[in-house]
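>>> next one to model:
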Amino acid sequence: MRVALLCAATLSLTRSCAGQTLSVQGSFNPDLGGYYGSGFITDDSMYMVIDAEDSSARLMKFPITRDIANGNKIDSVDFANGVVITSEPYMELGWHDSGIGDIRWWNVFEEEGNLHWGTVDYSNNQYSEIGVLTKTAIESKNDAIGNYGIYGIDNHPSLTSANGKPYLYVTSGYLLGRLSLNDDNTVDSIETLGSLSARFPADLFFAPSGAFAGNVIVPSYSSGELWVINLDEQGRCLDEVTSLPITPVVGSISSSCKITVLIQGLAGAWGVFSDPVTNDLFIGHWGRDAVTPVYGFPPGCDFQVVIAQLESILLNLSILVNSGGRLLLDSLVHEPENLFKNDNSGKLSNSSSKSSKSSKSSKAGGEKEIADPESIADETVTGILNGDLSGGDSATNQLAATFSNQSFLNSVDGDSNALITAQDNFQKVQAGLDDALARIKNNVPAGKLTEFEEKELEIEVQLGLLAIAVQLPPEV
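Presented below is the predicted three-dimensional model:
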């Protein structure tokens, strides 16, 4: 089933609505009761609340598989072999990275409406609670929010309160609010940002990328819709009548936030969370056996997750090329001060180490000089063979610099000259990585060559996602 995108022509975006089409194409059916809350996703697992807001509510972990040829999208979830991480009565929404270390906030909607938070240790599948914010404490800071309790919660990706902690945005009954944190991560204040009228919101999540980045995505249980609530540069709602920012208050509020409906037909939409590898959203449904993926948030706008995926593939090459006698790695062990370099024969040979070089100096305006392709190739070869790509000139670190440089940031805002610079930087890194892979491939054991070439295709997919972001339009 394909659900049409409703995109208002009056919506002010950094990119046109036509450039980002959200769609739903089928759903996953867990067959686990039909009450699915929020969650989060790692490279190989989906974590999701099952039996949300019920005495048997629990957080579970499910294995996933990805379609490498389709941009690493999740193509299956093994709901039959889930592992229970923790069981808490009335657990439901708001399991998201708080932006304050590895703490993850979540909501247990007890009779008292308390908010609990803690961490998950992925290695041993254990949850550890860190703190509880009672409903009494919530009401003492904002009785309007406290009257309903907190439903969904997510941190603003960039805005912080006066003490430098990220704002935590919340849905509460028919309201949108935000929390300010103290230095010890306790709650300092709770503001009401605006009313959501008579439409019942569920979870809350900041759009991961694309035209809606920096704005709040909210599923509506009552209307079966997916909304975007636009925020101004100070993180305030816009009034639905005047389109002017609403002044936050402590307590009740009459002004309603401006809401744009993105998708309809999501009956019982409840939890929402994102795949950090692809930026696809997932909607957990209440009273319906479905977890619905929402496609269309461009992964190329969330560069660090693409680069992290690329690094994971490159490190897998370390295991591949050093198997069967570990000949390549043994060479490094015998001469650890040397790097491998491509000579005229295409084989690996020794050259003077460049690993002791200081990293490239940063230019004014946040522009880091990108290393030359040869240096990138040398450090990437060494990193792959050692299983450590932390060197400053490695391809992954140079890609991270490329997409955090001011030239790229300016290109996103439409500066064509900056786009040319960003593309030149990307092509330098790509050339260095191509050279590194060619050097290593010439020395891969014959029995491992097919596996190596499969990894090359996976690398090509990740580079393709990044290349789109610096693609020059025809007129440039």
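
>>> what sits closest to Leu238 if chain neighbours are left out?
Lys258 (4.4 Å; CB to CB, 6 or more residues apart in numbering). For glycine as for every other residue, the C-beta is placed from the backbone atoms N, C-alpha and C.

>>> so, low pLDDT: which residues of the chain?
Along the chain, the parts satisfying pLDDT under 70 run over 1-21, 53-54, 89-113, 122, 198-199, 298-305, 323-365, 412-414, 472-476.

>>> show me where it has helices.
Defined through DSSP state H, the helices belonging to the chain, from first to last, are 135-141, 143-148, 303-321, 327-334, 373-386, 395-402, 406-412, 416-441, 449-469.

>>> isn't Thr119 right next to Ile130, touching?
Yes: the pair Thr119 and Ile130 passes the contact test of CB atoms under 8 Å, sitting 6.6 Å apart.

>>> the two: who's more crowded?
For Thr119 versus Ile130, the count of surrounding residues by other CB atoms under 10 Å is larger for Thr119: 15 against 12.

>>> from Ile85, how far out is that one?
Thr119 is 11 Å from Ile85, where distance means CB to CB, to the nearest Å.

>>> overlap of the contact sets of those two?
Here Thr119 and Ile85 have Tyr127 as joint contacts, going by CB atoms under 8 Å, 6 or more residues apart in numbering.

>>> spatially central residue for the protein, please.
Taking CA atoms, centre = their mean as the criterion, Pro276 is the residue nearest the geometric centre of the chain, at 3.2 Å.

>>> quick one: that residue from Phe205, how far?
When distances are taken as CB to CB, Pro276 and Phe205 turn out to be 12 Å apart.

>>> OK, contacts around the residue nearest to Leu281 when sequence neighbours are not counted?
The spatial neighbour of Leu281 that comes closest, neighbours along the chain excluded (CB to CB, 6+ apart), is Val294 at 4.1 Å. Val294 is in contact with Leu22, Ser23, Val24, Leu226, Ile263, Asp280, Leu281, Phe282, Ile283, counting by CB under 8 Å, 6+ apart.

>>> make it 6 Å
When contacts are counted by CB atoms under 6 Å, 6 or more residues apart in numbering, Val294 touches Leu22, Val24, Leu281.

>>> contacting residues for the first one?
With contacts defined as CB under 6 Å, 6+ apart, the neighbours of Leu22 are Leu5, Leu262, Ile263, Val294, Gly296.

>>> the residues you listed into CSV, with extra columns for distance to Val306?
As requested, the contacts of Leu22 are exported to CSV (distance: CB to CB, whole Å):
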residue, distance to Val306
Leu5, 24
Leu262, 24
Ile263, 25
Val294, 19
Gly296, 16
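
>>> which one (most neighbours) among these?
Leu262 (27 neighbours).

>>> find the nearest non-adjacent residue to it, please.
Leu226 (4.8 Å).

>>> Ser45 too?
Taking CB to CB, 6+ apart as the measure, Ser45 lies nearest to Lys61, with 5.2 Å between them; neighbours along the chain are not counted.

>>> any idea how many residues pack against the one you found?
In terms of burial, Lys61 registers 20 neighbours under the definition other CB under 10 Å.

>>> check Thr402 too.
27.

>>> surely it is in contact with Phe426?
Yes: applying CB atoms under 6 Å as the test, Thr402 and Phe426 come out as touching, 5.4 Å apart.

>>> quote the end-to-end distance of stretch 398-408.
Across stretch 398-408, the terminal residues are separated by 13 Å (CA to CA, to the nearest Å).

>>> nearest to Ile74, of the helices of the chain?
Closest of the helices of the chain to Ile74 is helix 303-321, at 13.0 Å (criterion: CB to CB).

>>> torsion angles phi and psi at the residue nearest to Leu238?
Geometry field for Lys258 lists phi and psi as phi -70, psi 130, criterion degrees, to the nearest 10.

>>> I'd like the distance between Asp434 and Thr380.
Taking CB to CB as the criterion, Asp434 is separated from Thr380 by 10 Å.

>>> out of those two, which sits in the more crowded spot?
When neighbours are counted by other CB under 10 Å, Asp434 and Thr380 differ, and Thr380 comes out ahead with 27 against 17.

>>> once you drop chain neighbours, what's closest to that one?
Ala436 (3.9 Å).

>>> my read: the one you found touches Ala377, true?
Yes: in terms of CB under 6 Å, Ala436 counts as a neighbour of Ala377; the distance is 4.3 Å.

>>> just the closest of the contacts of Val294 to Thr242, please.
Taking CB to CB as the measure, Thr242 sits nearest to Leu22 out of the contacts of Val294, at 27.0 Å.

>>> isn't Val277 up against Asn72?
Yes: at 5.1 Å, Val277 counts as touching Asn72 under the criterion of CB under 6 Å.

>>> how about stretch 267-283 as CSV, C-alpha atoms only?
Output of stretch 267-283 as CSV, limited to C-alpha atoms (Å, rounded to 0.1, in the frame of the first residue of the first chain):
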residue,chain,number,x,y,z
ALA,A,267,-4.5,4.1,11.9
GLY,A,268,-3.5,4.0,15.6
ALA,A,269,-0.1,5.6,15.0
TRP,A,270,1.7,5.6,18.3
GLY,A,271,5.5,5.2,18.6
VAL,A,272,8.0,6.7,16.2
PHE,A,273,11.7,6.0,15.9
SER,A,274,14.4,6.2,13.2
ASP,A,275,17.0,3.9,11.6
PRO,A,276,20.3,5.8,11.9
VAL,A,277,21.8,4.0,8.9
THR,A,278,19.1,5.0,6.4
ASN,A,279,17.0,7.7,8.3
ASP,A,280,13.9,5.7,7.5
LEU,A,281,11.2,6.3,10.2
PHE,A,282,9.3,3.4,11.8
ILE,A,283,5.8,3.9,13.2
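
>>> what comes up buried for it?
Of the residues in stretch 267-283, those buried by neighbour count under the rule 16 or more other CB atoms under 10 Å are 268-283.

>>> which pair of these spans the longest distance?
Maximum pairwise distance among the buried residues of stretch 267-283 (CB to CB): 26.6 Å, between Gly268 and Val277.
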